[in-house]
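Visitor: quick check, what structure comes out for this input:
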Amino acid sequence: MYLMNQSMNRIRNNYYQDNDVVVNGTDDGHWTPRMYTNGKVSYGNPTTWISDSKTYLEGVSLYEVNLSGSQSGNEISFDVKMNAIQTTPASQDLRLFVATVMDIVQYPASTNLLTEHHYPVIELLTGNTGKQMKFISGITYTESFIWSMPDAWINHSDITWKSSDLKAVAWIQNYKSKEVLQVNEFGFD
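Guide: Numbers count the residues shown, from 1 in each chain. Model prediction:
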């Protein structure tokens, strides 16, 4: 799904200093799909991806992220509510990222020969570098979003998806260390 939003994907690849994906401005296809676990590439296959991510499931976070909303056809509206146990230190660069994703996209003409894509990011609603956040302990912060599926997705003749598979994912990330401090997803069905 790299080709559906090349600008976003290049910026994210650069953020993770991942030069394997783009060679001379072209996706080499060798390392896609790629998964990152807390800012580090999880090489290998789905088995490695699952074991890498499970490493962090039992951790306790200082942050809470909750999503709620509704869907009408290809349009969604939702709120992201966040709070923290501890006030953010002035020197810490925390970012909120909110993405729209699709459970499954069928793409038979995929250049990397993977025809079924799971959880491709459609768009980062807080921008490609996220929204800077400073939390005050005990204060709940709310960000509201209204979003419609881009025409490029609706009118793309080579991909198929179901609007019932649309989700929103929100995460708080330490932008310097790349560590994800909390994440949550919301399905609209």
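Visitor: which SS class is N66?
Guide: strand (DSSP: H, G, I helix; E, B strand; the rest coil).
Visitor: identify the residues contacting it.
Guide: Shown in contact with N66 (Cβ atoms under 8 Å, 6 or more residues apart in numbering): 80-82, 184. For the C-beta atoms, the positions are set from N, CA and C on the backbone; glycine is no exception.
Visitor: same thing but 6 Å
Guide: Contacts for N66 (Cβ atoms under 6 Å, 6 or more residues apart in numbering) come out as K81.
Visitor: taking the mean pLDDT, what do you get for stretch 162-170?
Guide: Stretch 162-170 carries an average pLDDT of 95.
Visitor: which stretches of the chain form helices?
Guide: Remark: helices assigned in the chain by DSSP state H are 6-15, 46-54, 151-154.
Visitor: nearest to T88, of the ones you listed?
Guide: T88 lies closest, by Cβ to Cβ, to one member of the helices of the chain: helix 6-15, at 20.3 Å.
Visitor: what sits closest to the residue located most distally from the centre of the chain if chain neighbours are left out?
Guide: Distance to the chain centre peaks in the chain at G138, reaching 26.2 Å (criterion: Cα atoms, centre = their mean). Among residues not flanking G138 along the chain, N83 sits closest, at 7.1 Å (Cβ to Cβ, 6 or more residues apart in numbering).
Visitor: you'd agree the one you found is up against T140?
Guide: Yes. Applying Cβ atoms under 6 Å as the test, N83 and T140 come out as touching, 4.7 Å apart.
Visitor: pick out whichever of these two has more residues nearby.
Guide: More crowded of N83 and T140, by other Cβ atoms under 10 Å: N83, with 17 against 11.
Visitor: do you know how far that one is from H118?
Guide: Counting by Cβ to Cβ, to the nearest Å, the gap from N83 to H118 is 30 Å.
Visitor: over to D52?
Guide: To H118, D52 is 16 Å away according to Cβ to Cβ.
Visitor: among these two, which residue is more densely surrounded?
Guide: D52 (18 against 14).
Visitor: quick one: that one from Q132, how far?
Guide: Distance of D52 to Q132, computed by Cβ to Cβ: 27 Å.
Visitor: do the same with D165
Guide: The value you get for D165 to Q132, if Cβ to Cβ is used, is 31 Å.
Visitor: equivalent analysis for D189, please.
Guide: 32 Å.
Visitor: over to Q106?
Guide: From Q106 to Q132 the distance is 37 Å (Cβ to Cβ).
Visitor: just V180 next, same as before
Guide: 16 Å.
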